[in-house]
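K.L.:
I would like to see how this sequence folds:
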Amino acid sequence: MEMINCTINGVPVQVSKGTSVLHAAKKVGADVPTLCYLNLHGFDILNEVSSCRVCMVEVEGRPNLVTACSEKVTEGMNIRTDSNRAIMARRANLELLLSNHPKECLTCAMNLDCELQALAAKMRVREIHYEGEAMNYPVDQSSKAIQKDPNKCIMCRRCEMMCNEVQTVGVLSALGRGFDAVVAPAFNLDMIDTSCTFCGQCVAVCPTGALVEMDDTASVWRALNNPDKHVIVQVAPAIRVAIGEMFGLEPGTITTGKLPTALRRMGFDAVFDTDWAADLTIMEEASELVHRIQHGGTLPILTSCCPAWVQFFEHHFPDMLDIPSSCKSPQIMFGAMAKTYYASEKGIDPKDIVVVSIMPCVAKKA
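P.N.:
The predicted structure is shown next:
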């Protein structure tokens, strides 16, 4: 592998050919901020559209600053990431992004989780010297899974890359030009009117509140505070491992004992593990497989546990819908059992039972 020698902030460094200035800078501990850049390790997919312009650095001999995320290191390059010129350019570009960004951080779903907000705090932006025109796009709440607010879009295009290159769904793309440019479905359709599978991967990579999952927390609290409702909760297996990290526990800590206790103290009348419904799903799918084999049905049979996977099949392979299993997901099976078997055993009117699902992905809402 051919190696390249360069200097970053006075520190000599050797990197492989094709390495970006951003990665070379990280190698020597130089902090270069980014917003649009995204490197999906293992997929060999990079989002380096250089649209946010907050990673500007200075290269000796170049009249203009360069974007660290897309500029490749060349032999003998002398780079300054900490020059006043580079820092002031980053700050100016960040202020331009903020100038037409909604000033509603306190009520935004991404408050304290927003990369734009965090970068503004890190760069100590206390005032914005540019008067930007506020965008006035309608907020799309057409689906039960994802809320899209184009007014908070900074055109990083991470979601576009994820939707098109990773998930291969092809719903999101750049729309409009100049100030009016946003990432949205074609013709600015509502999400519910597209072939979106609501997998939630666009939400996972969005640095702002432009794409967030629909929040049903308030509805759950209303149910818990209603004495006429019998509220039960089902918890997916992944949750008991993932949730501990959100409360400061070591990643991978199993919270099997703690989680049900916390849920009961919150007011839930019963706590169930979705594992039970997963067993039902396995038995139903096995029964369906045997039936297909014995009666010359379509083979192979594919699981239908993931709603996003099922919707992807429906939109992109409608002529192959006889392949996936006809079984519902464990979550939906549990809901059906809660409203029938459980209601009968407890002598409760199914209308008075509220089933809350704690699941690891946005698709379960769709």
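K.L.:
The closest residue to Val15 other than its chain neighbours: helix or strand, and which one exactly?
P.N.:
Spatially, and ignoring its direct neighbours in sequence, Val15 is nearest to Ala24 (4.8 Å; Cβ to Cβ, 6 or more residues apart in numbering). Yep, even glycine has a C-beta here, placed from its N, CA and C like the rest. When elements are assigned from DSSP states H and E, Ala24 belongs to helix 21-27.
K.L.:
who's in contact with Leu172?
P.N.:
By Cβ atoms under 8 Å, 6 or more residues apart in numbering, Leu172 lies in contact with 159-160, 163-164, 183-185, 202.
K.L.:
Among the residues you listed, which pair sits farthest apart?
P.N.:
With Cβ to Cβ as the measure, no two of the contacts of Leu172 lie farther apart than Asn164 and Ala184, at 13.3 Å.
K.L.:
Which of these two has more residues huddled nearby?
P.N.:
Ala184 (25 against 15; other Cβ atoms under 10 Å).
K.L.:
Does the more buried one fall in a helix, a strand, or a coil region?
P.N.:
Using DSSP: H, G, I helix; E, B strand; the rest coil, the structure places Ala184 in strand.
K.L.:
Convert the C-alpha atoms of the helix holding Ala24 to PDB, please.
P.N.:
C-alpha atoms of helix 21-27 as PDB (Å, rounded to 0.1, in the frame of the first residue of the first chain):
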ATOM      1  CA  VAL A  21      -7.600  15.200   5.400                       C
ATOM      2  CA  LEU A  22     -10.300  14.600   8.000                       C
ATOM      3  CA  HIS A  23      -9.100  11.100   8.800                       C
ATOM      4  CA  ALA A  24      -5.400  12.200   8.700                       C
ATOM      5  CA  ALA A  25      -6.300  14.900  11.200                       C
ATOM      6  CA  LYS A  26      -8.000  12.400  13.500                       C
ATOM      7  CA  LYS A  27      -4.800  10.400  13.400                       C
END
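K.L.:
That one: what's the following helix or strand?
P.N.:
Of the helices and strands lying after helix 21-27 in sequence (DSSP H and E), the nearest is strand 38-40.
K.L.:
got a list of contacts for that next one?
P.N.:
Residues outside strand 38-40 that contact it (Cβ under 8 Å, 6+ apart): 46-47, 158, 161, 166, 205.
K.L.:
Show me where this protein has its strands.
P.N.:
Per DSSP state E, the chain carries strands over the ranges 3-8, 11-16, 38-40, 45-47, 56-59, 66-67, 78-80, 146-148, 172-175, 182-185, 211-213, 230-235, 270-273, 353-358.
K.L.:
Mind naming the longest helix for the chain?
P.N.:
Ranked by residue count under DSSP state H, the longest helix found in the chain is helix 275-294.
K.L.:
picking up where we left off before, and the least confident of the contacts of strand 38-40?
P.N.:
The member of these with the lowest pLDDT is Leu46, at 82.
K.L.:
So what sits opposite that residue in the bridge?
P.N.:
Asn39 (DSSP bridges).
K.L.:
The strands of the chain: which one's closest to Asn136?
P.N.:
strand 182-185 (11.6 Å).
K.L.:
hmm, back to that, what residues sit buried inside the longest helix of the chain?
P.N.:
For helix 275-294, the buried set under the neighbour-count rule, 16 or more other Cβ atoms under 10 Å, comprises 277-278, 280-281, 285, 288, 292.
K.L.:
ok, back up a step: and the helix holding Ala24, average pLDDT?
P.N.:
95.
K.L.:
on that earlier part again, what is in contact with Asn164 and Ala184 at once?
P.N.:
Common neighbours of Asn164 and Ala184, using Cβ under 8 Å, 6+ apart, are 172-173.
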